[in-house]
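Visitor: here is the input, now give the coordinates:
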Amino acid sequence: ADLLAFEADLKSTRGWEFKYGSRNWSVVEAGGVRALLNNEAPAAVQSSIRVDGGPPPLSGPLGSAVGGLGLAAPLYKSAGFGG
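Guide: Numbering: from 1, shown residues only. This is a model prediction of the structure:
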């Protein structure tokens, strides 16, 4: 019951819907963004994607700089750098 109340609170206050949860990890979705959260540090988004296939958010509540690195690596490679 406590977990359901917690999920309902996050849905009403942040708009987050839980898609998956375990002891260590949670996957939430809001505004077309799906994010992986470490339950020990939920404010630090581990990774996020746009559900519609657009570029990952780099800022905002479910944004992550990791998405920027994921975009930068192929661009760096396509520009002829890195072997």
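
Visitor: in three-state terms, label the residue nearest the centre of the chain for me.
Guide: Among the residues of the chain, the smallest C-alpha distance to the mean C-alpha position (C-alpha atoms, centre = their mean) belongs to A35, namely 2.1 Å. A35 carries the three-state label strand when classified by DSSP: H, G, I helix; E, B strand; the rest coil.

Visitor: quick one: the helices in the chain?
Guide: All helices of the chain, identified by DSSP state H, fall at 2-14, 65-78.

Visitor: how close does the residue nearest to the centre of the chain sit to D52?
Guide: Applying C-beta to C-beta, to the nearest Å, one obtains 15 Å for the distance of A35 from D52. Every residue, glycine included, has its C-beta placed from N, CA and C.

Visitor: one step back: residues contacting the residue nearest to the centre of the chain?
Guide: With C-beta atoms under 8 Å, 6 or more residues apart in numbering as the criterion, the residues that contact A35 are 27-29, 45-49, 62, 64.

Visitor: quick check on the residues you listed: which are buried?
Guide: Buried positions within the contacts of A35, assessed by neighbour count (16 or more other C-beta atoms under 10 Å), are 27-29, 45, 48-49, 62, 64.

Visitor: among those, name the ones in strands.
Guide: When these are checked against strands (DSSP state E), the matches are 27-29, 45, 48-49.

Visitor: looking at these, which is nearest Y20?
Guide: If you rank these by distance to Y20 using C-beta to C-beta, V27 comes first, at 4.1 Å.

Visitor: ok, what's across the strand from that closest one?
Guide: Using DSSP bridges, the bridge partners assigned to V27 are Y20, L36.

Visitor: over to the closest residue to G32 other than its chain neighbours: give its phi and psi.
Guide: Across the structure, with C-beta to C-beta, 6 or more residues apart in numbering as the measure, the residue nearest G32 apart from its sequence neighbours is V51 (5.1 Å). Phi and psi for V51, reported as degrees, to the nearest 10, are phi -60, psi -30.
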